[in-house]
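J.: Give me a model of this one.
(one chain, ligands or ions: 2)
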Amino acid sequence: MAKVIAIANQKGGVGKTTTAVNVAASMAATKRKVLLIDLDPQGNATMGSGVDKYDVESTAFELLIEEKPIDDVIVKGTSGKYDLIAANGDVTAAEIKLMEMFAREVRLRNALKPVMDYYDFVFIDCPPSLNQLTVNALAAADSVMVPMQCEYYALEGLTALMDTIQKLASVVNPELKIEGVLRTMYDPRNRLANDVSEQLKRHFGEQVYRTVIPRNVRLAEAPSFGTPAMYYDKSSTGAKAYLALAGEILRRRDKTTPAQAKAS
Ligand code: ADP
Ligand code: MG
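T.: Ligands and ions are numbered 1, 2, ... in the order given. Purely as a prediction, here's the structure:
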């Protein structure tokens, strides 16, 4: 049975897409069967996987709105060697159409059912807002991964996000767990980053991944070559960090905290 992990944070530019693409590739490199779902109309995870968002036959739109069978929507074997459900501008229309649909929160969850026994991991790259697409991701997921930058206001935003996730979870997916908080674009020479990181660990304890993603230019360059960092520069600190993260996710597999338990 696949483990479904939604990568979410309503803030843009925190490393969601970079994490989605690189963790999918790293997990695929461990010989697990991986599906990456791009739910952001910007289609950055699609392009970063080496798939041209302007030239795909179908996207998450056809899956969510037109009920096209999932096998016909999946792009097999990207340059990162995982399967992909693509996104482009069409997915904006999906967000709007979902609003008026029956059982709109669980359309992704239902659409995934036929492939749940085939994949080991499904990662979902969420858009930078808490809209119907993100709600669908959270309803389909076993757990949420929250990437964040260790900045001054980060903790405040994070507490608000966790609250929202818990509230949503109680309505659409009581089983949802917080997989973990991931520190991204980390610069150990930055004192503020170290302070925020310490506070984060105090506040969220075991929910903070031990793996830290460093700021690394290779991670920013790789998407322009349509490839995860490990196939662009496998010795880069960024590529290594995401391999370590995949290892940590495997070790954590059955050790996640229920989202609701933290609600009080
Ligand atoms: P989001 O999906 O949350 O909007 P992205 O993953 O697109 O965030 O990252 C925002 C920008 O930061 C992108 O240009 C990306 O290449 C860059 N970036 C992300 N993570 C790193 C990192 N660890 N080191 C350097 N640049 C990064
Ligand atoms: Mg993104």
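J.: what's around the residue of the stretch 101-250 of the chain found nearest ligand 1, how many residues?
T.: Distances between the stretch 101-250 of the chain and ligand 1 by CB to the nearest ligand atom are smallest at residue 220, namely 3.6 Å. Placement of C-beta: from N, CA and C, glycine included. For residue 220, the neighbour count with other CB atoms under 10 Å is 13.
J.: and what of residue 178?
T.: Count around residue 178 with other CB under 10 Å applied: 22.
J.: Make sure it is indeed in a helix.
T.: No - assessed with DSSP: H, G, I helix; E, B strand; the rest coil, residue 178 is strand; it does not lie in a helix.
J.: Bridged to it, which residues?
T.: residue 144, residue 257 (DSSP bridges).
J.: right, and it touches residue 141 too?
T.: No - using CB atoms under 8 Å as the test, residue 178 is too far from residue 141 to be in contact (10.6 Å).
J.: how near is the nearest residue to residue 118 once chain neighbours are set aside to ligand 1?
T.: Leaving aside its sequence neighbours, residue 118 sits nearest to residue 33 (CB to CB, 6 or more residues apart in numbering; 6.4 Å). Using CB to the nearest ligand atom, to the nearest Å, residue 33 is found at 24 Å from ligand 1.
J.: Could you pull up the contacting residues of residue 33?
T.: 83, 118-121 (CB atoms under 8 Å, 6 or more residues apart in numbering).
J.: would TSV of those residues with secondary structure be doable?
T.: Formatted as TSV, the contacts of residue 33 follow (three-state DSSP):
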residue	secondary structure
83	strand
118	coil
119	coil
120	coil
121	strand
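J.: Buried among these? Make that a ChimeraX selection.
T.: Applying 16 or more other CB atoms under 10 Å to those leaves a buried subset, and the ChimeraX line that selects it is:
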select :83,119,120,121
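J.: hey, where'd the helices end up in this protein?
T.: For the chain, the helices defined by DSSP state H cover 16-29, 44-48, 60-64, 70-73, 90-98, 107-112, 132-140, 154-172, 191-204, 217-221, 237-252.
J.: per-residue confidence at residue 258?
T.: Residue 258 carries a pLDDT value of 61.
J.: same check, this time on residue 134
T.: For residue 134, pLDDT reads 95.
J.: Quick one: neighbours of it, just the number.
T.: Residue 134 - counted by other CB under 10 Å - has 25 other residues nearby.
J.: now residue 191
T.: 9.
J.: again with residue 115
T.: 16.
J.: residues touching it, list them.
T.: Each residue near residue 115 by CB under 8 Å, 6+ apart is listed here: 2, 35, 70-71, 74, 122.
J.: most surrounded residue in those residues?
T.: residue 122 (27 neighbours).
J.: is it in a bridge, and if so with what?
T.: Applying DSSP bridges, one finds that residue 122 bridges with residue 4, residue 35.
J.: what sits against it?
T.: Residues near residue 122 by CB under 8 Å, 6+ apart: 2-5, 34-37, 112, 115.
J.: same thing with residue 48?
T.: Per CB under 8 Å, 6+ apart, neighbours of residue 48: 17-18, 21, 222-223, 226-228.
J.: ok, back up a step: wait, which of the contacts of residue 115 is closest to residue 200?
T.: residue 122 (26.5 Å; CB to CB).
J.: one step back: restricted to buried residues, select the contacts of residue 48 in PyMOL.
T.: Listed next is the PyMOL selection for buried residues among the contacts of residue 48, using 16+ other CB under 10 Å:
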select buried, resi 17+18+21+222+223+226+227+228
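J.: Might one say that residue 123 is in contact with residue 5?
T.: Yes - between residue 123 and residue 5 there is a contact at 5.4 Å, judged by CB under 8 Å.
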